[in-house]
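Student: Here's a sequence, model it:
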Amino acid sequence: MQSVSVRVRTPNQPSAEQSAQDWLAEEVPVALVYNGISHAVMMATPANLEEFALGFSLTEQIVSRPEQIYGIDVVPACQGVEIQIELASECFQALKLRRRNLTGRTGCGLCGTESLEQAVTLPNPLVGQALPTAEAIEHALQQMRNYQPLQQQTGAVHATAICNQDGQILLAREDVGRHNALDKLIGAWCTAQPQETPGFVLVSSRASYEMVNKCAQAGFPSLVAISAPTTLAIQYATAANMNLIGFARPGRHVIYAISEQSPGEADASN
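Tutor: Got it, this is the predicted structure:
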């Protein structure tokens, strides 16, 4: 965070203008460099960048498992930060074949995609999971503010959280970009390797296609968003056999997609 001097003005009270200090969220260019070749530049909050690199690599399908990354080094640069990632040779060769040079603004998830066919691909359906209960969603919403210290100080960042089936938040991350926050969360979850099975992912933003896609790539079959989903997000969630819930508020939420469970799974969840 950075502190700046500001003047606070109250409408209809010109004499009430006052000097104050305001805390601002940092937003810097973050370059992801794989085996010495720059692949992506994203605008992000410069924190938890090792987790961001791992989560981005997984959700962009650059690697299929963390073991295919041999090393991550975060190197400060004059205008931002460079993350140097050492990939397994087979992953790097596949990455070069994609010829993808992604340069995006905050939370831009598809910039640099070369064709419409690449932009939206149907996922492999996930194993079905019971719909999160209303009580679990309510419990998660009640806790969310406690996991958003940067948002409370700046009012400028998104949050993502992994909750268990009862709605207890297990892990949370923040970033100026909602996609970045989710990548950081996924990277942190893979790094921590917790024993508990995740119930659902909670995000403080809308549920766009990219957010649903990242959850699907990471194997999380339930996504709960504070705001609305897009039409493509609903279509993708249905194809991926995911639960998708939007407009999550205390006392109310909207169900847009429901995961199908096998008979054995459905019996076990009851």
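Student: Okay, helices next: where are they in the stretch 51-200 of the chain?
Tutor: Under the criterion DSSP state H, counting those that start in this stretch, the stretch 51-200 of the chain contains helices at 89-98, 116-119, 134-144, 149-154, 178-192.
Student: what's the most buried one of those?
Tutor: helix 178-192 (a mean of 25; mean count of other CB atoms under 10 Å). Bear in mind the C-beta positions are built from the backbone N, C-alpha and C, glycine included.
Student: C-alpha coordinates for that helix, CSV please?
Tutor: Taking Å, rounded to 0.1, in the frame of the first residue of the first chain, the C-alpha atoms of helix 178-192 are listed here in CSV:
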residue,chain,number,x,y,z
ARG,A,178,-10.2,-10.6,-9.7
HIS,A,179,-8.5,-13.1,-11.9
ASN,A,180,-5.2,-12.5,-10.2
ALA,A,181,-6.8,-13.0,-6.8
LEU,A,182,-8.2,-16.3,-7.9
ASP,A,183,-4.8,-17.4,-9.4
LYS,A,184,-3.1,-16.5,-6.1
LEU,A,185,-5.7,-18.5,-4.2
ILE,A,186,-5.3,-21.6,-6.4
GLY,A,187,-1.5,-21.3,-6.1
ALA,A,188,-1.7,-21.0,-2.4
TRP,A,189,-4.0,-23.9,-2.1
CYS,A,190,-1.7,-26.1,-4.1
THR,A,191,1.3,-25.0,-2.1
ALA,A,192,-0.4,-25.6,1.2
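Student: sorry, back to before: any idea which of the helices of the stretch 51-200 of the chain gets closest to residue 38?
Tutor: helix 89-98 (11.6 Å; CB to CB).
Student: gap between that closest one and the chain center?
Tutor: Computed by CA atoms, centre = their mean, to the nearest Å, the chain-centroid distance of helix 89-98 equals 24 Å.
Student: And for that helix, what's in contact with it?
Tutor: With contact meaning CB atoms under 8 Å, 6 or more residues apart in numbering, helix 89-98 is reached by 34, 35, 37, 39, 62, 63, 68, 87.
Student: Max pairwise distance over those: which two?
Tutor: 37 and 68 (16.3 Å).
Student: and residue 255, which of the helices of the stretch 51-200 of the chain is closest to it?
Tutor: helix 134-144 (10.0 Å).
Student: domain ranges for the chain?
Tutor: Domain ranges of the chain: 28-118, 134-257, per the TED database.
Student: Worst mean pLDDT among these?
Tutor: In terms of average pLDDT, domain 28-118 trails the rest of those, at a mean of 85.
Student: Residue 198 versus the residue lying closest to residue 135 once chain neighbours are set aside, what's the distance?
Tutor: Of all residues not flanking residue 135 in the chain, residue 167 sits nearest, at 6.9 Å (CB to CB, 6 or more residues apart in numbering). Using CB to CB, to the nearest Å, residue 167 is found at 12 Å from residue 198.
Student: Neighbour count for the two, which is higher?
Tutor: residue 167 (22 against 19; other CB atoms under 10 Å).
Student: That one contacts residue 132, correct?
Tutor: Yes. With contact defined as CB atoms under 8 Å, residue 167 counts as touching residue 132 (7.5 Å).
Student: list residues touching both of these two?
Tutor: residue 199.
Student: contacting residues for residue 185?
Tutor: Applying CB under 8 Å, 6+ apart, the residues contacting residue 185 are 51, 55, 160, 161, 162, 171, 172, 173, 201.
Student: So residue 37 and residue 68 - more neighbours on which side?
Tutor: Set residue 37 next to residue 68 and count neighbours by other CB under 10 Å: residue 68 wins out with 17 against 11.
Student: Can you give me the neighbour number for the nearest residue to residue 128 once chain neighbours are set aside?
Tutor: Of all residues not flanking residue 128 in the chain, residue 261 sits nearest, at 3.5 Å (CB to CB, 6+ apart). By other CB under 10 Å, 19 other residues sit near residue 261.
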